[in-house]
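1. turn this into a model:
(chains A and B)
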Amino acid sequence: MMRRLTLRKPFAAALGGALLAVPLGFAVLAIWWTPYGITQMDFVNLLAPPSAQHWLGTDEFGRDVLSRLMAGASLSMMIAFETMLATAAVGALLGGIAGYFRGIFERALNLVANALLSFPGIMLALGVTMVAGQSPGGIVLALSFAYAPSVYRIVRASALSVRSREYVEASYLMGNSSLYTLFRHVLPNCLSPLIVIATSIFGWSILAESALSFLGMGVPPPAPSWGNMLADARQFMDTDALLSIVPGLCIAGVLLGVNLLGDALRDRFDPRMEGHS
Amino acid sequence: MNPHFSTLLSVDHLVLGVPGRERIVDDVSLSVGTGEFVAVVGESGSGKTMIARSILGLLPAPVSHLSGTITLQGTELTGLNPHALRKLRGTRIGMVFQEPMASLNPAMRIGASMAQGLKQHTRMSAAEIRDASMAILRRIGIDDPARCLAAYPHEFSGGMRQRIMLASVMLLKPALLIADEPTTALDTVTQREVMEVMVELTREAGTAVLLITHNLGLVARYSNRAIVLCHGREIEKGAARTLLQAPRYPYTRQLIAALPRREVRAPVAREGMPLLSVIDLEVVHPGRRGLFGARSAPLKAVDRVSFDIFAGETVAIVGGSGSGKTTLGRAIVQLVRMSGGQLLFHGRDVLRADGAQLKAFRRQCQMVFQDPYSSLDPRMRISAIVAEPLRHLPEFATRAQRERRVDDVLAEVGLAGFGRRFPHQLSGGQRQRAAIARAIVTRPALIVADEPISALDMTLQKQVLALFQQLQSEHGFACIFISHDLAAVEQISDRVLVMHKGRAVETGERDAVFDAPQHPYTRTLLDASPHVDLPSQPFATSA
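-> Numbering: from 1, shown residues only, chains lettered A, B, ... in the order given. Model prediction:
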C-alpha cells in the first residue's frame, strides 16, 4: 500500500511546492521592488495589452498589472498566513483543552463553536470587518473568527481519541500534571489533522480575502489585493479579459498548490507514515 | 495424506508475493480431505493468512499469485473468473475471520445478515430461510432465536457474535470452512465454546476445516493434521499428534518449547507487612444515561475484592472477559476511581495520601499495558519515552543522570542501542520491551501488568515472560499479573486470584489452584485452557 503512494506523492508535493513558491517569491520580491510603483499611473497606456514595457498590460488607470499583482500577492498571502497561524493556535489550544479535559468547559466551547459555524463564514467575516475596520488586521481578525471553530472541532475530535490512548494513561501514572500531558502527549498527536486543516485555511483565507475585497469590504483601494484587482477588472471583462484572468489564475494556482502541499506535509510530519527503516 | 479422507482441497507449490519483491508464501503445498480438520500454524508474518485468502481469491492489492495450483475437488481455483469465484464462496467454501466485531455488518439485523448467503445461492423462500436460520441458531445454543434474528450485532458479546458468524457460514453447508484465527480475540472459556460449536457444526455437515492459528493448544485439541509455516516456507507437516509430540525440525521444537509451563519458583517470604493490601475494593459503574435521561441499573465491575501482595511476589488475576480483572488492576493504580474499600501501600491508605505520599506511590507502582501499539507515544523516541517517568525524581535532575539510567534499563530489557528509534520502527515484542523498560526505570516496588503478552506471538510471549522473571529476580519487584492465559499464569505466578463477574471466587497458591481447584468456575477455566501436554484427542467434543 505504501509502495503505491510513494510513486506519485513526491510529484504532487513538488508541483504543490512550485505552485506556491513562484507567487511566494514574487510576493517577497514585491516588499522591496516592483517594476513600477503600484499607484504609478501611465496615462498614455490605459488598459494596454501586454507589451515589452508592461508585461501583463495596464489597468484602467494605466497602472502596471504585474507590479500590482506582485504587491497583491504579498498582501493576500500575508493575510492568509496570519489567519492560518491565529486560527491554528487558538483552535488547537481550545480544542485540545476541550477534548482532553471535557466537562463544562467543553460544553461551553462546543456551544460557541456551533453557534459560529451556523453562520456562513463569509457573512461572519463581513460582520466582523464592519466592526473591526477595513484594514489587513481587521480582515485577519474577521477570518480567524470564521475559521477557528473548524480547527477547534477537528483538534477536539482528535484529542478525544488520543486521551483514551494508553500512553496518556501512562503519563498520568507517572505523576505528570494534566497540563504537561496535554502539551507533551495529547497535542503533538493531534498535529497531523491540524496541519491539514491549517493548510486548507491558508487556501480558504486567500479565497475569502478575495471575496471580501470583491464585495468592497476587503483591503481598501488603492492598495492592491488579488480580490480587489478582480473586482475592478470585472467591468472590463468583455474588452480586457486578461485583467480578470491573471489574478483569477493566481488565486486558483495558489489554492491548488496549498492543497497538494498540505497532503504532503501531513505525511511528512507523521512519523508513522515513513517507511519502516 | 490421511487414507481415511478423499482429497477435497489441494494446494501445490503455491508461491504468493509482490512481483519483483520478496515472496510472502514460498512453495507451500497442503491438502485437506473431505471432513478433515487441518491446522496451518505460524507466527505473524508467516504467510498463513495469505494462503487462506488466496484460496478464496481475496489477496490484498499488491500481493498476487505467482505460481502453483489450488484445486478444489478437481476444479482449478487460480485464475478463475470473478463470477465463478463468487459462486464458490459461500456455497463450497465458507470463511470465518478473526474479528467478530468487524465481520457482521453492524447496520444489519442478524436475520438479514444470515439470510444473505441463502438468498444469493439457493432458491429457498423467505419462510424457509427463516426456519433454517432459527434451527441453526438453536443448535449453537441461542435460547430465543426469533429475538436473535431481529437483533443487531452490537447486542451480542464477541463470543456470541463469532458463533452467529459460524452459524451463518455453516447454513450453506460448504465443503470447506476456512477459519482465520477465529478465537484469537476471545478469552479462554469463550474460545472453547466457539471451537466446540465449530467442530460440532462442521462434523454434522461433513465440512472440512482449514484452521489458521498460532495457538498450538487448539492444534493439539482439534486438528487431524497440521502444517507449520515460518516466513512463508513450510517447515513441517504431518499428523498433528506426531508433529507436536515428536517434532522433527528445530523451528517446530522451538515453538513447542515456547509454550509456557509450570516452573518451580523460589518461595517468597511473606512476613511482616504486605507491600499492598487490597481490602474490599469496589468499583461501581453508574448506569448509562440514555438519550432522554433514564439511567440503566448501575454495574458492579468489582465487588468487594480483598488480597495482599508481598514484596517480590507475583499474584495473577485470572478470569474471562468481563470478569472485572482489568478494572481491578486499573483501580489499584488509581486509573479508575474506587467506589469503596481501602488500598494500603506499606500500611498507609493510598486514598488519603497527601501530595508527597501520592507521588511516592506513583513512583513505586507502575503499569504495563496490554497493547504495545497504543501504550507508547508514537511521536517520541524510545529513549524519551523511557526517560519520562524520571522527570519527577530529584536524583535524576541532570540529563546525564537520566541518560545513564535509560541506557542501563534499555540494556536490561535487551534494547541497547534502540533509544533513537520511534515506536513504529520496533516490532511488537520490542515495543513491549520498551514498555517494560518504562515501567521499571524508576525501580518500582510493584508492577501491574495488564495482559502484557496476549497481543504477542508465541515465541515473543516466551521471551517477554522470561524477561519479566529475570527482571523480577534482579530487582525484586512485586507483580500483579492480569491475564486470561492460564498457561502463562501457571509459569510465572506465586499465587492466583480467580475472578468471575466482579468477585474473587478463589484465591490460593498457584499449585493448589491449578491442581485442586475449589470453585466450579476455576474448573471451567482450567478445562477450557487448551493444553498441548494433555493426551490430545482430535475431534473431541464437550461431553
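2. now the top helix by length along chain A, how far from the centre of its chain.
-> For chain A, the helix with the greatest residue count under DSSP state H is helix A:65-101. Relative to its chain's centre, helix A:65-101 lies at 5 Å (Cα atoms, centre = their mean, to the nearest Å).
3. who are the packing partners of it?
-> Of the remaining helices and strands, those touching helix A:65-101 by 3 or more Cβ pairs under 8 Å, 6 or more residues apart in numbering or on different chains; DSSP states H and E are helix A:2-32, helix A:103-117, helix A:136-163, helix A:178-181, helix A:191-214, helix A:226-233, helix A:242-269. No exception for glycine: its C-beta is placed from N, CA and C like everyone else's.
4. distance from the helix or strand following the second one to the middle of the chain?
-> Which is helix A:103-117. The helix or strand immediately downstream of helix A:103-117 is helix A:121-132, counting by DSSP states H and E. Distance of helix A:121-132 from its chain centroid, counting by Cα atoms, centre = their mean, is 17 Å.
5. can I get the CA coordinates of helix A:121-132 in CSV?
-> Taking C-alpha atoms only, helix A:121-132 is exported to CSV below (Å, rounded to 0.1, in the frame of the first residue of the first chain):
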residue,chain,number,x,y,z
GLY,A,121,-18.1,32.0,7.1
ILE,A,122,-18.1,34.9,4.7
MET,A,123,-21.2,36.5,6.4
LEU,A,124,-19.4,36.3,9.8
ALA,A,125,-16.3,37.8,8.3
LEU,A,126,-18.3,40.6,6.8
GLY,A,127,-19.8,41.4,10.1
VAL,A,128,-16.6,41.4,12.0
THR,A,129,-14.8,43.5,9.4
MET,A,130,-17.6,46.0,9.7
VAL,A,131,-16.8,46.3,13.4
ALA,A,132,-13.0,45.8,13.3
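6. could I get the buried residue list for that helix?
-> A:121-122, A:124-126, A:128-129, A:132 (16 or more other Cβ atoms under 10 Å in any protein chain shown).
7. check which helices and strands that helix sits against.
-> helix A:136-163, helix A:191-214.
8. ok, residue B:518 touching residue B:507?
-> No: using Cβ atoms under 8 Å, residue B:518 makes no contact with residue B:507, being 9.8 Å away.
9. these two: which is more packed in?
-> Legend: neighbour count by other Cβ atoms under 10 Å in any protein chain shown for residue B:518 and residue B:507, higher for residue B:507 (20 against 14).
10. list the residues that contact the more buried one.
-> Applying Cβ atoms under 8 Å, 6 or more residues apart in numbering or on different chains to residue B:507 gives the contacts B:307, B:495-498.
11. so it: helix, strand or coil?
-> strand (DSSP: H, G, I helix; E, B strand; the rest coil).
12. now do the contacts for residue A:105.
-> Per Cβ under 8 Å, 6+ apart, neighbours of residue A:105: A:97-98.
13. gap between it and chain B?
-> 20 Å (Cβ to the nearest Cβ, to the nearest Å).
14. just want the most central residue of the chain.
-> As the question left the chain open, I've gone with chain A. Residue closest to the mean C-alpha point of chain A, counted by Cα atoms, centre = their mean, is residue A:202 at 1.1 Å.
15. the intended chain is chain B.
-> Geometric middle of chain B (Cα atoms, centre = their mean) lands on residue B:184, at 4.4 Å.
16. as JSON lines, the buried residues of helix A:121-132 with pLDDT and distance to residue A:56 would be great.
-> Written out in JSON lines, the entries for those read as follows (pLDDT from 0 to 100; distance: Cβ to Cβ, whole Å):
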{"residue": "A:121", "pLDDT": "81", "distance to residue A:56": "31"}
{"residue": "A:122", "pLDDT": "83", "distance to residue A:56": "28"}
{"residue": "A:124", "pLDDT": "85", "distance to residue A:56": "34"}
{"residue": "A:125", "pLDDT": "86", "distance to residue A:56": "29"}
{"residue": "A:126", "pLDDT": "86", "distance to residue A:56": "30"}
{"residue": "A:128", "pLDDT": "87", "distance to residue A:56": "33"}
{"residue": "A:129", "pLDDT": "85", "distance to residue A:56": "29"}
{"residue": "A:132", "pLDDT": "83", "distance to residue A:56": "33"}
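17. which one of these is nearest residue B:317?
-> Of all those, residue B:317 sits closest to residue A:121, with 53.9 Å by Cβ to Cβ.
18. and the helix or strand of chain A with the lowest mean pLDDT, what's buried?
-> Least confident helix or strand of chain A, by mean pLDDT, DSSP states H and E, is helix A:2-32 with a mean of 74. By neighbour count with 16+ other Cβ under 10 Å, helix A:2-32 contains the buried residues A:9, A:13, A:16, A:19-20, A:23-24, A:26-27, A:30.
19. now stretch B:168-180
-> So stretch B:168-180, judged by 16+ other Cβ under 10 Å, has buried residues B:168-180.
20. quick one: which of these is nearest residue A:180?
-> residue B:180 (42.9 Å).
21. Three-state assignment for the nearest residue to that closest one once chain neighbours are set aside, please.
-> For residue B:180, ignoring the flanking residues on the chain, the nearest one in space by Cβ to Cβ, 6 or more residues apart in numbering or on different chains is residue B:212 at 4.4 Å. Secondary structure state of residue B:212, per three-state DSSP, is strand.
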